[in-house]
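1. got a predicted model here, sequence first, then my questions.
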Amino acid sequence: MTGHRKLTPGKLIIASHNQGKVREIRALLAPFGIEPVSAAELDLPEPEETGTTFAENALLKARASAEGASCVALSDDSGLCVSALNGAPGVYTADWAEAASYEGGPGRDWYMAMGKVEGKLAELGHETDRSAYFICTLALAWPDGHSETFEGRVQGNLIWPPRGTLGFGYDPVFQPLGFDQTFAELDPQQKHDMSHRADAFKKLVDGCLT
Ligand code: ITT
């Protein structure tokens, strides 16, 4: 693929405060000898995600870190799109988990978020289409303002009750097409071979790393 700016060896910031994502992105980058540092480790601020698309939010996050640290930054904006809910929660996937945590402070409750999706599907009846896909937009931003974005998807079905303890977020209810296990039951390497993040990452590699 031509026309994309190449990523040269050196420092790279993962512009994410989500530990699950950072772990997966580190694993995807490892074969390329890139040892990234996360925005959380550098104490970089989290910009408000005011965009209405995955690409807009991914660019907001990558640009904030690239400008904040004068270094190339890679962000990930992702979400779960449920067919019967017209693509919801979509860009608002993380918001659906916002809750008062048990300790009293703000926090994210993934079990509640998965239950919210399931509750809405249940309202639509037993025969409801349970298909869904995860989407991931990866954005690379350079300190001079240049940026690149890549989108990936993985199709599957939602199951209930949740199963598995691996992965993060909505993984326990997502069963990728062709598999009997959820993303939270599959070996992490299997998820890295076919996830929405892996799909977007393959495009990033084709465009910017080879
Ligand atoms: P950053 O913005 O700091 O990267 P975030 O968690 O706020 O972290 P998003 O706004 O992109 O990120 O929210 C996407 C949500 O979608 C995320 O919190 C997960 O719950 C969910 N999600 C994304 N990828 C997922 C995956 O591979 N498995 C399970 N859930 C996923």
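-> It's in.
2. and the longest helix along the chain, average pLDDT?
-> Determined from DSSP state H, the single longest helix within the chain is helix 54-69. Helix 54-69 carries an average pLDDT of 97.
3. for the helix or strand containing residue 29, name the packing helices and strands.
-> Per DSSP states H and E, residue 29 falls inside helix 19-29. Contacts defined by 3 or more CB pairs under 8 Å, 6 or more residues apart in numbering; DSSP states H and E place helix 19-29 against strand 13-14, strand 73-82, helix 188-194, helix 196-204. Glycine gets a C-beta too; all of them are placed from N, C-alpha and C.
4. if we go to 6 Å?
-> On a contact count with 3 or more CB pairs under 6 Å, 6 or more residues apart in numbering; DSSP states H and E, helix 19-29 meets no helix or strand.
5. now what about the next helix or strand along the chain from it, what contacts it?
-> Where DSSP H and E defines the elements, the next helix or strand beyond helix 19-29 is strand 37-38. Here strand 37-38 makes contact (CB atoms under 6 Å, 6 or more residues apart in numbering) with 13, 14, 22.
6. between those, which sits nearest residue 147?
-> residue 13 (13.7 Å; CB to CB).
7. please give me every residue in contact with whichever residue of the chain sits closest to the ligand.
-> Per CB to the nearest ligand atom, residue 169 is where the chain lies closest to the ligand, at 2.5 Å. For residue 169, the contact set (CB under 6 Å, 6+ apart) comprises residue 110.
8. same question, residue 199
-> For residue 199, the contacting residues are residue 152, by CB under 6 Å, 6+ apart.
9. how about the residue nearest the centre of the chain, what does it touch?
-> A centroid search over the chain (CA atoms, centre = their mean) returns residue 78, at 3.7 Å, as the residue closest to the centre. Residue 78 makes contact with residue 136 under the criterion CB under 6 Å, 6+ apart.
10. what about 8 Å?
-> 21, 54, 93, 134, 135, 136, 137, 196, 197 (CB atoms under 8 Å, 6 or more residues apart in numbering).
11. so residue 134, which of the three states?
-> strand (DSSP: H, G, I helix; E, B strand; the rest coil).
12. how many residues are close by the nearest residue to residue 97 once chain neighbours are set aside?
-> Using CB to CB, 6 or more residues apart in numbering and skipping the chain neighbours, the partner closest in space to residue 97 is residue 113 (3.7 Å). Applying other CB atoms under 10 Å, we find 22 other residues in the vicinity of residue 113.
13. before we move on, what about residue 92?
-> Counted with other CB under 10 Å, the neighbours of residue 92 add up to 14.
14. over to it: give its phi and psi.
-> phi -100, psi 20 (degrees, to the nearest 10).
15. picking that back up, which strand residues bridge the residue nearest to the centre of the chain?
-> residue 136 (DSSP bridges).
16. equivalent analysis for the one 4 residues further on, please.
-> Taking DSSP bridges, one finds residue 132 as the beta-bridge partners of residue 82.
17. what about it, neighbour count?
-> Neighbourhood size, residue 82 [other CB under 10 Å]: 21.
18. residues in the chain within reach of the ligand, list them.
-> Residues of the chain lying near the ligand by CB under 6 Å from any ligand atom: 16-18, 21, 49, 61, 76-79, 93-94, 134, 167-171, 183, 195, 197.
19. residue 88 contacts residue 82, doesn't it?
-> Yes. Contact criterion CB atoms under 8 Å: residue 88 and residue 82 qualify, at 6.2 Å.
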